[in-house]
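Engineer: fold the following.
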Amino acid sequence: LAFALSPAQALPASSSARRPREMAALLLRRGMPHNPALRARGSRGMFSGLLNADATSGHMKFYHYVNLSLLGTAPLAFALSPSPLCFPLDLVFAVAFPVHAHIGMNCVITDYGQKFFGKGAVQPMRYGMLGVTAVTTLGLLRLTFQGPGLTETIKGLWRSPKEKK
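Structural biologist: Now for the predicted structure:
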């Protein structure tokens, strides 16, 4: 005996039953998590956004905007160095490079963390990445404010060492 259900019988007529296009549009809405489990939990504030930096399309757009801005400003900073005009660019770099790396590494953690280390390892890896990002940002800001700056430090790698007398 085989029972066949028509599409109208298979899906309830309530408002919670949506068409696939409507569901896709809901999932891909700007700033909303791609993962339905993350959508169900809702927003847990700024810390959740920092911890799950690859969870929304807004974060990924920001990642790509930072990428494009670094492509344009990095050569400019090296052309301007050493000058006072390089200091604002070093400040931007001190924040932009770690944030860009943080969002990118969260994508790697999402894709490969569960695959190689299990589902329970993803959140601890995210916390570790957040710590690395914070320490890196603080270190680059210290280099910018108390040292020669990020641009001069990188340019110094290609300078010949000074002879000691």
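Engineer: gap between residue 61 and residue 92?
Structural biologist: 18 Å (CB to CB, to the nearest Å). Glycine gets a C-beta too; all of them are placed from N, C-alpha and C.
Engineer: against which helices or strands is the host helix or strand of residue 96 packed?
Structural biologist: Residue 96 is part of helix 86-108, with elements assigned from DSSP states H and E. Contacts defined by 3 or more CB pairs under 8 Å, 6 or more residues apart in numbering; DSSP states H and E place helix 86-108 against helix 57-80, helix 122-146, helix 150-156.
Engineer: so which of the ones you listed is the most packed in?
Structural biologist: Comparing the helices and strands packed on helix 86-108 on average neighbours per residue, with mean count of other CB atoms under 10 Å, the densest one is helix 150-156 at a mean of 17.
Engineer: check which helices and strands it sits against.
Structural biologist: helix 57-80, helix 86-108, helix 122-146.
Engineer: any idea which of the ones you listed gets closest to residue 114?
Structural biologist: Closest to residue 114 of the helices and strands packed on helix 150-156, according to CB to CB: helix 122-146, at 5.5 Å.
Engineer: re earlier: which one of the helices and strands packed on helix 86-108 lies nearest to residue 112?
Structural biologist: Short answer: helix 122-146, nearest of those by CB to CB, at 9.6 Å.
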